[in-house]
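Asker: Let me see the structure of the following:
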Amino acid sequence: MKLLVAGGAGYLGSVLIPRLLDRGYDVDVVELFWFGNHLPNQVGILNKDIFHLSVEDLKPYDQVMFLAGLSNDPMAEYSPSKNFVLNAAAPAYLGYIAKIAKVKRYIYASSCSVYGYTENELYDETRPVGSSYPYGISKLQGEQAALQLTNEEFSVICLRKGTISGYSPRMRLDLIVNTMFKTALRDGVITVNNPSIWRPILSIEDAATAYIRAVEANTKISGVFNLASGNYTVGEVADVVRSRIEERMDVRVNLCIKHVQDFRNYKVSVSKAANVLSFHPTGSVKSIVDDLIENVSKFQDWDNPLYSNILTFKELDARVEVPATVCAQ
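Answerer: Down below sits the predicted model:
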């Protein structure tokens, strides 16, 4: 099977693609490498903006995966206009030409951010979505556009991911567990803005596994799937990060607990992904921290802007017109 991954050199793609290659898939990426290239040499490269891809470009592929766009609320709020182009229009266009090219499946990287602020309930994929902020709105628009293309010959799978954390060769330190890990070692303190807020946390290895399950699912399967390794309050995440660092690294870490209102609060059910895609997560906040500890020597330049998507995006935006292939994951 031949796969095309848009945004494949990003945080998630740099973990996922080696695993796809290990399973015997032929993988190309469409990328402009704003965050560098940490991919194996055997990966094919289409050095193009997504909007410059044609139907002819996509005809060789069995499946197309969208991991591109802007990846979080800070980036979306910094440039709402680019957010809606890159997270809504770009996946819509890519899915549209993929269908015309007779690609069999389109996999879209969505987000649990589409749920917005919920009360203390476990949300499955049938529950209403309610984000009122640019990032969550745009991810839902991308989802809806992709799903509109579904028919018997064109499978569409949208993966609503919890917040990914863990080590990647294309490292990010702007994600909840990774950020706490950084500040614990750099500053000796973890700051929690609101300990009661719920977040679905997804280890990067579980995220990669979920995309593999989507690639290998029966061709008749389409739909939306929540993904998480588990649901945690932010206060619990901080406790686990602190205890693992203190236990394994012999470093004293303090907590700074605040009670700042947050516009995101949700916990999700992953039963559908388990029952339909055979996605059974094995990660946890504890395993994520252990992963970071084992790889810490590879990313100790704590303030490197390449480890922060918003800092890198601002630098790029100041110099060039940022195109649609900015890595999301």
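Asker: residues contacting the nearest residue to P200 once chain neighbours are set aside?
Answerer: Counting by C-beta to C-beta, 6 or more residues apart in numbering, P200 lies nearest to G162, which is 3.0 Å off, once chain neighbours are set aside. Any C-beta I mention is one placed from the backbone N, CA and C, and that applies to glycine too. The neighbours of G162, taking C-beta atoms under 8 Å, 6 or more residues apart in numbering as the test, are 112, 199-202, 226-229, 231, 268.
Asker: List buried residues within those.
Answerer: Neighbour counting by 16 or more other C-beta atoms under 10 Å classes 112, 199-202, 226-229, 231, 268 among the contacts of G162 as buried.
Asker: Among the residues you listed, which ones are in strands?
Answerer: 199-202, 226-227, 231, 268 (DSSP state E).
Asker: could I get those residues as CSV with pLDDT and distance to I107?
Answerer: Formatted as CSV, the entries for these read as follows, by pLDDT from 0 to 100; distance: C-beta to C-beta, whole Å:
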residue, pLDDT, distance to I107
R199, 95, 23
P200, 97, 19
I201, 98, 21
L202, 98, 16
N226, 98, 15
L227, 98, 12
N231, 97, 24
V268, 97, 19
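Asker: got those residues as JSON lines, with distance to Y96 columns?
Answerer: Converted to JSON lines, those look like this (distance: C-beta to C-beta, whole Å):
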{"residue": "R199", "distance to Y96": "33"}
{"residue": "P200", "distance to Y96": "30"}
{"residue": "I201", "distance to Y96": "33"}
{"residue": "L202", "distance to Y96": "28"}
{"residue": "N226", "distance to Y96": "25"}
{"residue": "L227", "distance to Y96": "25"}
{"residue": "N231", "distance to Y96": "35"}
{"residue": "V268", "distance to Y96": "28"}
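Asker: Between those residues, which sits nearest Y106?
Answerer: Out of these, the one with the shortest distance to Y106 is L227. That distance is 17.0 Å, counting by C-beta to C-beta.
Asker: Just confirm the closest one contacts A274, I think it does.
Answerer: No - the pair formed by L227 and A274 falls short of the contact definition of C-beta atoms under 8 Å, at 10.3 Å.
Asker: For this protein, which segments count as helices?
Answerer: Listed in chain order, the helices of the chain (DSSP state H) span residues 13-22, 55-58, 73-78, 80-84, 90-100, 134-148, 176-187, 204-215, 234-249, 271-272, 285-295, 309-319.
Asker: wait, which of those is closest to Y167?
Answerer: That would be, of those and by C-beta to C-beta, helix 285-295, which comes in at 4.1 Å.
Asker: What are the contacting residues of the closest one?
Answerer: By C-beta under 8 Å, 6+ apart, the residues outside helix 285-295 that reach it are 165-167, 177-178, 181, 201, 203-205, 229-230, 232, 236-237, 240-241, 244-245, 248-249.
Asker: still on that earlier bit, and the pLDDT for the residue nearest to P200?
Answerer: We have a pLDDT of 97 for G162.
Asker: Then the one 3 residues further on?
Answerer: Turning to S165, the model gives it a pLDDT of 98.
Asker: That one: what's it in contact with?
Answerer: 175-178, 201-204, 285, 288.
Asker: returning to that earlier point: quick check: phi and psi on the residue nearest to P200?
Answerer: phi -70, psi -180 (degrees, to the nearest 10).
Asker: Help me confirm that R213 comes into contact with L277.
Answerer: Yes - with contact defined as C-beta under 8 Å, R213 reaches L277; the gap is 4.3 Å.
Asker: count of neighbours near I310?
Answerer: Using other C-beta atoms under 10 Å, I310 has 18 other residues around it.
Asker: Please name the residues that touch it.
Answerer: Neighbour list for I310: 72, 74-75, 78, 174 [criterion: C-beta under 8 Å, 6+ apart].
Asker: who touches the closest residue to L255 other than its chain neighbours in this structure?
Answerer: Spatial nearest neighbour of L255, chain neighbours left out: I190 (5.5 Å); criterion: C-beta to C-beta, 6+ apart. Contacts for I190 were tallied using C-beta under 8 Å, 6+ apart; they are 180, 183-184, 238, 241-242, 253-256.
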